[in-house]
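Student: need a structure here:
(2 chains)
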Amino acid sequence: MGTAKPRPSGSRASVSKAHSFQALPEKTFIVDNGAYTLKAGFAPDYPPPEDEEKALSACATIPNAIVKTRENRIYVGSQLNTHVTDWNEVSFRRPVEKGYIVNWEAQKEVWEQSFFDEKTVRGNDLRITDPEDTTLVLTEAPNGLPALQKNADEIVMEEWGFGGYYRSLGPPLNAWNELNALFGDSVVREADSVVTPRECLLVIDSGYSHTTVTPVYRGQPLQRAVRRLDLGGKHLTNYLKEMVSVRQYNMVDETYIMNEVKEAVCYVSNNFVGDLEQSWKGNRKRGLAESNEGVTVDYVLPDPNAGKKGFMRPHDPLLNAKKRKGALSGTSAEAFSEDALILGNERFTVPEILFTPSDIGMKQAGIPDIVLQSLAVLPTGLHPAFLANVLVVGGNSLLPGFMERLETELRQLASVECVVRVRCSQDPIRSTWLGASRFATNREELKKVAITRQEYQEYGSSWAGRKFAGAL
Amino acid sequence: MYHVELLPGSTTHATPGWTYVPDRGFDPAKAAITPTIGRKRGIRDPGRTDLSSRQTNAIVRHLAELDRENHRDVHIPVPVRQKEPAAPRGTRTKTTSNVRRILQSQKTFRNYLDDEEAALASASTNQTNTTTTTTTTTANPLNRIAKPASTAKQTGTTTGPSSRASTAQPTPSAAPESTSPSAAAATTTPETGEAAAIAEEESKPNTTTLIRSEHDSNPLLRSYLPTAPSERIMQALLAEPPLTYNASRAGPPLAPRRSPRYFCCMCGYWGKIRCKNCHARTCGLTCYKVHEDSRCGAFF
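Tutor: Numbering: from 1, shown residues only, chains lettered A, B, ... in the order given. The predicted structure follows:
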């Protein structure tokens, strides 16, 4: 309440005049608050840059966590990228739980450090100097709890006091991206038309905490058809960690390293049975070692003392024998001091749970099935439109083979008459942010949904909640 | 008559596998989390369901394990930041009570979800206890939404033959329909379609787009295009409130195509044989021996 607000003199007329007086601030800051990383930056001016690279240069990806290292040092947010060198036994505290901001004490710390504190903000283009002159667009996962949404509204408006605020579901914002080229549609567009959302788009958002399927119609979600699979990147990492800990080294405390391993070696198999047969350990005894090399790889674990990073390399079945020989002769002990994990069927059985959750006993369907479950509650006339426009965002889509598998299985499940097109954003992690930034250039649309600070002060947080839910 | 009421509380149960839930029959969305049998006989032997409650508990525990952030419970405090002369805060006044309450709250997602479930459960019991008029009013919007979808499907099927008969001998009324190929393309790839085209097709099923064949008169072989819903239906769909957290959880597979797969607990290959003590799966004698020697956890 820093600026001198015209005091309402009691009559309704002056209130409505004051209401119309305060417009939405020109600058728009967008935060896509993921559980693993938050994607943030100022929206560009109209017209948005055509080049995706240029548009994304304003977006920074910051780890959304507070970590404690082995030496009991604590780092926040972007410090993780610069200050932490030894990732052994690092433990994490994440403000976002199951995809929703739960712990605002930690979230506030990360935000302060990333956007507000002039000493720690990386570069000037990311710093919010005066929140009163900034509109905040904050994304959330679908089907959030109203209590948590209310918390978010209250913190944003009362702690920082943003001049304008819009809390939106994340997946629908992808519909504002330039997708015609991605789907291969040739639509003639006028040069200076405003940015509009795609008419029908089915967004599969496979992130860190969960995977959601959201049908989006003209930029708005069809709420009754939003479905969620409670599996995400975190579960894959933990599952891999568990497997490796049972079979090879005890890695239960090495979440970060196992995440790196997962990103380096895991892939989604398009021939699960075949790959499993190929990676069978019995092949070795039968002298079929040649075929074994197709799947099995070694991952050399990082050595922070020597400053070495972990890396993947083809499997060397004679490595152990060489090591023993080297240790006996005592010659090249240095070269063999490294520790390596041998990864065979772990490479593809871990991401497989996204497609077959029953492999770990979960009574939920896989992603392609969930797409159909979601469509089942919509009119049949919409099915062809959504099946022909499936967009995948989120970090799990970076797993090799993920897109092929999804398209194949969806094609098998969908009815024959429907065209099935599954596409992945060029940058699936920042795609939602990019869509939001393009949406923000459409001032008219933004004005319809966003609230100003003055409105919040007049009507309160429950009104804001109803407004964002579309009930007003 | 007995009456068990669940009071809203913020406690969580450390033991996975059981919790008080209001029983409202079978709900596919909840089948993923709720153990179906709680009787003693279900512990060892799978009774009517495919899993014994012991196996269910093991799965629930495993899933809870996969959901963890760190292997151990650690407390990481927020680093103390040096008080600076309020430079970035500038015009902001002191924190409000809302902010203080939220920042000091140590509730987890589980706590919030329990609160939510309790609120929903108490709201629904209140509703059923009051007059039936309220239940009819709450049921109404659902009916209103469900009806257009079903009628749209019906118009697609029932008016099919009649309109097809009209296209066999082109009448003047069908002629303007066939002159708009863009509207015809909109049904197959409707991302290019416009609202007008959709509304037009809703009013009149556009069967001219299909390739005609001699089977069109056969009611079993006849193919038809589902019509895109009207603008009114789309507005009704868009205006719906979001589902609750639990209701949006995906259910079990629509058609269980294959029997569940089991993997060797040692090496990850197919789990062909089952340990007679602990029912863990192994792929063969090599893995089974290792399992029996070192890991078989059941001693009875």
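Student: output the set of residues of the stretch 351-472 of chain A in proximity to chain B.
Tutor: With Cβ under 8 Å from any Cβ of the partner chain as the criterion, the stretch 351-472 of chain A comes near chain B at residues A:356, A:358-366, A:369-370, A:372-373, A:376, A:378-385, A:388-389, A:417, A:419, A:461, A:469-471. All C-beta atoms are positioned from the backbone trio N, CA, C, and that covers glycine.
Student: what subset of those residues is buried?
Tutor: A:356, A:358-366, A:369-370, A:372-373, A:378-385, A:388-389, A:461 (16 or more other Cβ atoms under 10 Å in any protein chain shown).
Student: what's the first helix or strand after the helix or strand harbouring residue B:55?
Tutor: Using DSSP states H and E, residue B:55 sits within helix B:53-66. Under the assignment DSSP H and E, the closest C-terminal helix or strand after helix B:53-66 is helix B:97-104.
Student: so for that following helix, what gets flagged as buried?
Tutor: Buried residues in helix B:97-104, defined by neighbour count with 16+ other Cβ under 10 Å: B:98-99, B:102-103.
Student: repeat for stretch A:205-218
Tutor: A:205-217.
Student: what two of those are the furthest from one another?
Tutor: Within the buried residues of stretch A:205-218, A:208 and A:217 form the most distant pair, 26.8 Å apart (Cβ to Cβ).
Student: ok, back up a step: the buried ones among the residues of the stretch 351-472 of chain A next to chain B in helices, which ones?
Tutor: Within those, residues falling in helices by DSSP state H are A:369-370, A:372-373, A:383-385, A:461.
Student: and the residues you listed, which two are the farthest apart?
Tutor: Greatest spatial distance in these: A:384 and A:461, 41.2 Å, computed using Cβ to Cβ.
Student: domains in the chain, by residue range?
Tutor: Since you didn't name a chain, this refers to chain A. A:12-229+A:427-468, A:234-349 (automatic domain parsing).
Student: please refer instead to chain B.
Tutor: Chain B breaks down by automatic domain parsing into domains covering B:1-65+B:111-119, B:261-293.
Student: can you count the residues close to residue A:444?
Tutor: For residue A:444, the neighbour count with other Cβ atoms under 10 Å in any protein chain shown is 7.
Student: quick check: which element contains residue A:436?
Tutor: helix A:431-441.
Student: sec struct for residue A:249, please.
Tutor: Classification of residue A:249 by DSSP: H, G, I helix; E, B strand; the rest coil places it in coil.
Student: flag the shaky bits of the chain, pLDDT-wise.
Tutor: Using chain A here. For chain A, the stretches flagged by pLDDT under 70 are A:1-21, A:123-124, A:187-192, A:283-293, A:326-336.
Student: my question was about chain B
Tutor: The model of chain B has pLDDT under 70 over residues B:1, B:4-52, B:82-94, B:128-211, B:223-225, B:256-258, B:297-300.
Student: which residue, neighbours along the chain excluded, lies closest to residue A:99?
Tutor: With sequence-adjacent residues excluded and distances taken as Cβ to Cβ, 6 or more residues apart in numbering or on different chains, residue A:99 is closest to residue A:141, at 3.7 Å.
Student: for the one you found, give me its contacts.
Tutor: With contacts defined as Cβ atoms under 8 Å, 6 or more residues apart in numbering or on different chains, residue A:141 is in contact with A:99-100, A:169-170, A:209-210, A:212.
Student: find the nearest non-adjacent residue to residue A:96, please.
Tutor: Excluding the flanking residues, the one nearest residue A:96 by Cβ to Cβ, 6+ apart is residue A:35, at 3.9 Å.
Student: could you grab the helix/strand/coil label for that neighbour?
Tutor: Quick answer, by three-state DSSP: residue A:35 is coil.
Student: also residue A:202?
Tutor: Criterion first, three-state DSSP; result for residue A:202: strand.
Student: which parts of the one helix or strand residue A:153 maps to are buried?
Tutor: If you go by DSSP H and E, residue A:153 is part of helix A:146-154. Neighbour counts over helix A:146-154 (16+ other Cβ under 10 Å) mark A:146, A:148-154 as buried.
Student: so that helix versus helix B:97-104, what angle?
Tutor: 120 degrees (axes from the mean of the first three to the mean of the last three Cα atoms, to 10 degrees).
Student: any residue of helix A:146-154 touching chain B?
Tutor: Yes: legend: contact between helix A:146-154 and chain B by Cβ under 8 Å from any Cβ is shown at A:146-148, A:151, A:154.
Student: just the strands from the stretch 351-472 of chain A, written as ranges.
Tutor: Secondary structure of the stretch 351-472 of chain A (DSSP state E, counting those that start in this stretch): strands at A:390-393, A:422-424, A:451-452.
Student: looking at those, spot the one closest to residue A:163.
Tutor: With Cβ to Cβ, the closest approach to residue A:163 among the strands of the stretch 351-472 of chain A belongs to strand A:451-452: 6.6 Å.
Student: residues contacting that closest one, please?
Tutor: Defining contact as Cβ under 8 Å, 6+ apart, one finds that strand A:451-452 is touched by A:22-24, A:163-166, A:464, A:467.
Student: buried subset of these as a ChimeraX selection?
Tutor: Selection of buried members from the contacts of strand A:451-452 for ChimeraX, criterion 16+ other Cβ under 10 Å:
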select /A:22,24,163,164,165,166,464,467
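Student: of all the contacts of strand A:451-452, which two lie farthest apart?
Tutor: Spatially, the most separated pair among those is A:23 and A:464, at 17.6 Å (Cβ to Cβ).
Student: alpha carbons of stretch A:398-415, in PDB - could you do that?
Tutor: What follows is stretch A:398-415 as a C-alpha-only set of coordinates in PDB (Å, rounded to 0.1, in the frame of the first residue of the first chain):
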ATOM      1  CA  LEU A 398      13.400 -36.100 -23.400                       C
ATOM      2  CA  LEU A 399      13.900 -39.800 -22.700                       C
ATOM      3  CA  PRO A 400      14.900 -41.400 -26.000                       C
ATOM      4  CA  GLY A 401      12.100 -43.400 -27.500                       C
ATOM      5  CA  PHE A 402       9.400 -41.800 -25.400                       C
ATOM      6  CA  MET A 403       7.700 -40.100 -28.300                       C
ATOM      7  CA  GLU A 404       7.800 -43.100 -30.600                       C
ATOM      8  CA  ARG A 405       6.400 -45.400 -28.000                       C
ATOM      9  CA  LEU A 406       3.600 -43.000 -27.200                       C
ATOM     10  CA  GLU A 407       2.600 -42.500 -30.800                       C
ATOM     11  CA  THR A 408       2.700 -46.300 -31.500                       C
ATOM     12  CA  GLU A 409       0.600 -47.200 -28.500                       C
ATOM     13  CA  LEU A 410      -1.900 -44.300 -29.000                       C
ATOM     14  CA  ARG A 411      -2.300 -45.300 -32.600                       C
ATOM     15  CA  GLN A 412      -3.100 -48.900 -31.500                       C
ATOM     16  CA  LEU A 413      -5.700 -47.700 -29.000                       C
ATOM     17  CA  ALA A 414      -7.400 -45.000 -31.000                       C
ATOM     18  CA  SER A 415     -10.100 -45.800 -33.400                       C
END
